[in-house]
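Novice: Sequence and predicted structure are below.
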Protein chains: 2
Amino acid sequence: MTNYDLARDIHQIGQRALQASRAMVTLTPRRKKAILEAMATELKANRDAILAANAIDVTNGKSNGLSDAMVDRLTLTNARFDAMVDGVRQVAALPDPVGKRIWRRQRPSGIVIEKRRVPLGVIAIIFESRPNVTADAAVLCIKTANAVILRGGKEAINSNRAIADALAAGGAKAGLPADGVQLIATTDRNAVKELVQLEGMVDVVIPRGGESLIRAVVEQARIPVLKHYKGICHIYVDAAADIDMALNIIENAKCQRPGTCNAVETLLVHRDIAEAFLPRLATMAAKKGIIVHADPVARQIIPDFTAAVDADWDAEYLDLNLALKVVDSLDTAINHINRHGSQHSDAIVTADTKAANRFLNEVDSSSVYHNASTRFTDGGEFGMGAEMGISTDKLHARGPVGLEELTTYKYRISGTGQVRS
Amino acid sequence: MTNYDLARDIHQIGQRALQASRAMVTLTPRRKKAILEAMATELKANRDAILAANAIDVTNGKSNGLSDAMVDRLTLTNARFDAMVDGVRQVAALPDPVGKRIWRRQRPSGIVIEKRRVPLGVIAIIFESRPNVTADAAVLCIKTANAVILRGGKEAINSNRAIADALAAGGAKAGLPADGVQLIATTDRNAVKELVQLEGMVDVVIPRGGESLIRAVVEQARIPVLKHYKGICHIYVDAAADIDMALNIIENAKCQRPGTCNAVETLLVHRDIAEAFLPRLATMAAKKGIIVHADPVARQIIPDFTAAVDADWDAEYLDLNLALKVVDSLDTAINHINRHGSQHSDAIVTADTKAANRFLNEVDSSSVYHNASTRFTDGGEFGMGAEMGISTDKLHARGPVGLEELTTYKYRISGTGQVRS
């Protein structure tokens, strides 16, 4: 296939999605629920075919030398398959944000203005090797009446095709407009570039994966990108912290799932509590296998800590490493976080309400915590039902991207012939 | 000045704005009100100096051959000066959106999550020749506790400097953090390019001006742009329209201020009403000096109409020209608008509620009207108090950009030591 043909094919996918999006705005909440339930049923009915397709991807991946971690991400076990189908059913049961009234005003002229949630239009999802994202992402878009274009990793192409086919077949049975869900079936890597330049067809692109994927998409995109760069999360142990609480929160935020974006990466400790706190931290770290990269002040107290280098303050370890700095004030802690953090999730542990309020106000992150673990940053934990990921942007969607964040709004104005004077 | 120095200077302006934004989040609503009132007072106290600076710009503009329209936009009359000062006072008196709670939830774990409005951070405004934008735009940013970087047209540089100096002096007297308002004083046109690439310092850039300015900014920007491309607004006269009402709305939407983005540019008329409606339209158009560019079907009824060419369906005339097409159905009208419109403001005139509802649901524009003039699309008319312009984007801000649209939100989570299980 020449690039000319690729560009034309992707353009046609965009045009079909745009057409589908015009039909999707007419779907009722009940209809969308029925579509999602039919998708779940169809996925389940095609379990054998989907798992067989996945087995081909896994075999190919192994013979192509994928790492064990990659093969694991690629593999659909029976349990993962069930979780995927359950996920579809859960989204079907969530409240529907489309059509929701944000406000209504009658103006002096007599016109009535309603601000209401509406679909964004066409959403493109670009993801890596986990095939379950095909279903997870598609159903969030359908629930919000958006047409969706999916582009998964090439190593999962057979799995993704089988899942997308089942979604489309289920959708068609229940009244999903044609092309409401499309998968880009070519593995040509230039397809992404063409896709993210479909101005006027695709309203937003959501890349889901590592930082290099996201940077590549942002670099090439001519349409808005909802993105998650990284999670460099901090916990600040204030002078007035309860030491047991701090240790418990740090252990949870570092160890419960170290590879997640809301795991803590840097610990800031007020100097007035350092003498009492750091020995307890050292004991916990040793027990849990945490490697502490400490600044000189901390190492005066615990010489066994590894010496931190400059790069540690900007590191997203995603494992059991932890950076540690002793700070002389709340201000220093806030400034450090605003400078080195990723505006994701940061916490203060303190009994001092005034210090906590300053921290919550002045740390410029999407989720700011007082006396709780950063691990709570999650659409489900926040009561949003489901999420498409976590945005580190400030515009449109900040933090967990739930159903509402996949919508926009419009103003509906009704009059009886009013004109402006 | 070499470009190296320019880049360094703009970078320093960005760094100072970022620093200022950290201090601005700590301002109370009362403090911000006092700052804006002090700015209004200081502007008024410097009336003579500002008007003298403006006179220099006007003299320079004339000798540089600016068009009369450009000179008019550049000129600060006494009345325009008063309106500018009044505008600052009006924004001071508006409700403050910062800190407003969007929702609050206690979760099963006991953590309490509050979603609250917070400033965006640093906003850059790039505008053309109207010097009053310096004050109008700055005060909306300050009201929402954002630091602002202003970059006006080079023909207004003396006026803008004088206004920005007065704003900064007034602000300083009332406790505005240093560098909360900065004006880029160089007229080097490369400054814009440097400014819109300040990733990590500037959170959003808002260009205010013609389409070519906006396209240039979008092309160069590495940070989000809130933009208004154009207003190609439609009125659809349905088969069930009240003809008098339709004529009245069309006259208002075309003639009240033809140069505005919410003026109507294209008229779609259902074929079943065309025979009765078009002669009345022709009479009104002749009386008002409207030049109608009509499709062949309409010209069969009124041969005097100018023959439309393809470009008319995509034209933003901004004057007394009007495109006209006869359509055979509501669906054709909706499809035409979704294809040729600019997602700005579009209206249906009809007594048929079902047709009106389909139009309001299916036309994908920020403001959709039933039996009212498109001219109402405006922050003030919508009850939003003031506006920074009208966005034709779908993400973050759609339609009038008021104070809320100049904010983002954060999640504040308070616990008593909770960890995730």
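Specialist: Received, thanks. No experiment lies behind these values; they were computed from the predicted model shown.
Novice: got the contact list for A:Ala145?
Specialist: Contacts for A:Ala145 were tallied using CB atoms under 8 Å, 6 or more residues apart in numbering or on different chains; they are A:Met24, A:Val25, A:Leu27, A:Lys32, A:Val98, A:Val118, A:Pro119. For the C-beta atoms, the positions are set from N, CA and C on the backbone; glycine is no exception.
Novice: Greatest separation within those: which pair is it?
Specialist: Spanning the widest gap among these are A:Lys32 and A:Val118, at 13.6 Å by CB to CB.
Novice: re the thing from before, could you dump the contacts of A:Ala145 to TSV with distance to B:Leu267 and pLDDT?
Specialist: Formatted as TSV, these follow (distance: CB to CB, whole Å; pLDDT from 0 to 100):
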residue	distance to B:Leu267	pLDDT
A:Met24	28	97
A:Val25	24	96
A:Leu27	31	97
A:Lys32	35	97
A:Val98	31	97
A:Val118	25	98
A:Pro119	28	98
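Novice: Contacting chain B as well, which ones from those residues?
Specialist: Near chain B, judged by CB under 8 Å from any CB of the partner chain, the entries from those are A:Val25.
Novice: and A:Tyr409, that's in a helix?
Specialist: No - counting by DSSP: H, G, I helix; E, B strand; the rest coil, A:Tyr409 falls outside a helix, being strand.
Novice: Checking the closest residue to A:Pro258 other than its chain neighbours next. Helix, strand or coil?
Specialist: Spatially, and ignoring its direct neighbours in sequence, A:Pro258 is nearest to A:Asp319 (5.2 Å; CB to CB, 6 or more residues apart in numbering or on different chains). The three-state label given to A:Asp319 by three-state DSSP is coil.
Novice: Just want the phi and psi numbers for A:Asp319.
Specialist: phi -150, psi -160 (degrees, to the nearest 10).
Novice: Tell me how far it lies from A:Met24.
Specialist: 42 Å (CB to CB, to the nearest Å).
Novice: If you count surrounding residues, which of those two has more?
Specialist: A:Met24 (27 against 14; other CB atoms under 10 Å in any protein chain shown).
Novice: So the nearest residue to that one once chain neighbours are set aside, which state does it fall into?
Specialist: In space, and not counting its chain neighbours, A:Met24 is closest to A:Ala145: 4.5 Å by CB to CB, 6+ apart. When classified by three-state DSSP, A:Ala145 comes out as coil.
Novice: Also A:Ile413?
Specialist: A:Ile413 - assigned by three-state DSSP - is strand.
Novice: what are the bridge partners for it, then?
Specialist: A:Ile113, B:Tyr369 (DSSP bridges).
Novice: So it sits against B:Tyr369, correct?
Specialist: Yes - if you go by CB atoms under 8 Å, A:Ile413 and B:Tyr369 touch, sitting 4.7 Å apart.
Novice: neighbours around A:Pro296, how many?
Specialist: There are 10 residues near A:Pro296, going by other CB under 10 Å.
Novice: Distance-wise, check it relative to A:Gly341.
Specialist: In terms of CB to CB, A:Pro296 sits 22 Å off from A:Gly341.
Novice: and what of A:Leu213?
Specialist: In terms of CB to CB, A:Leu213 sits 22 Å off from A:Gly341.
Novice: Which one's more surrounded, those two?
Specialist: Comparing A:Leu213 with A:Gly341 by other CB under 10 Å, the one with more neighbours is A:Gly341, at 23 against 17.
Novice: Contact partners for the closest residue in space to that one that isn't next to it in sequence?
Specialist: Of all residues not flanking A:Gly341 in the chain, A:Ile232 sits nearest, at 5.4 Å (CB to CB, 6+ apart). Going by CB under 8 Å, 6+ apart, A:Ile232 touches A:Glu265, A:Thr266, A:Asp314, A:Ala315, A:Glu316, A:His340, A:Gly341, A:Ser342, A:His344.
Novice: what helix or strand is the second one on?
Specialist: In the assignment (DSSP states H and E), A:Thr266 maps to strand A:264-270.
Novice: Downstream of that strand, the next helix or strand is which one?
Specialist: Later in the chain than strand A:264-270, the nearest helix or strand by DSSP H and E is helix A:271-288.
Novice: after that next one comes which helix or strand?
Specialist: Assigned by DSSP H and E, the successor of helix A:271-288 is strand A:291-294.
Novice: quick one: the strands in the stretch 201-350 of chain A?
Specialist: In the stretch 201-350 of chain A, the strands defined using DSSP state E, counting those that start in this stretch lie at A:204-208, A:233-237, A:264-270, A:291-294, A:306-307, A:321-327, A:345-349.
Novice: Quick one, which of these gets closest to chain B.
Specialist: strand A:204-208 (6.2 Å; CB to the nearest CB).
Novice: and that closest one, is it in reach of chain B?
Specialist: Yes - contact of strand A:204-208 with chain B (CB under 8 Å from any CB) involves A:Val204.
Novice: Could you check how far A:Lys33 is from chain B?
Specialist: 19 Å (CB to the nearest CB, to the nearest Å).
Novice: what's the neighbour count on the closest residue to A:Asp203 other than its chain neighbours?
Specialist: In space, and not counting its chain neighbours, A:Asp203 is closest to A:Gly121: 4.1 Å by CB to CB, 6+ apart. If you count neighbours by other CB under 10 Å, A:Gly121 ends up with 23.
Novice: my guess is A:Gly121 meets A:Ala20, correct?
Specialist: No - between A:Gly121 and A:Ala20 there is no contact, the gap being 9.9 Å when judged by CB under 8 Å.
Novice: residues shared between the contacts of the two?
Specialist: A:Ala147.
Novice: before we move on, the earlier item: quick one, which of the contacts of A:Ile232 are buried?
Specialist: A:Glu265, A:Thr266, A:Ala315, A:Glu316, A:His340, A:Gly341, A:Ser342, A:His344 (16 or more other CB atoms under 10 Å in any protein chain shown).
Novice: What average pLDDT does stretch A:200-208 get?
Specialist: For stretch A:200-208, mean pLDDT rounds to 95.
Novice: which parts of it are buried?
Specialist: By 16+ other CB under 10 Å, the buried positions in stretch A:200-208 come out as A:Met201, A:Val202, A:Asp203, A:Val204, A:Val205, A:Ile206, A:Pro207, A:Arg208.
Novice: residues contacting the residue nearest to A:Leu120 when sequence neighbours are not counted?
Specialist: Nearest residue to A:Leu120 in three dimensions, chain neighbours excluded: A:Asp203, at 4.7 Å (CB to CB, 6+ apart). Contacts for A:Asp203 (CB under 8 Å, 6+ apart) come out as A:Leu120, A:Gly121, A:Val122, A:Ile123, A:Asn146, A:Ile223, A:Pro224, B:Lys394, B:Leu395.
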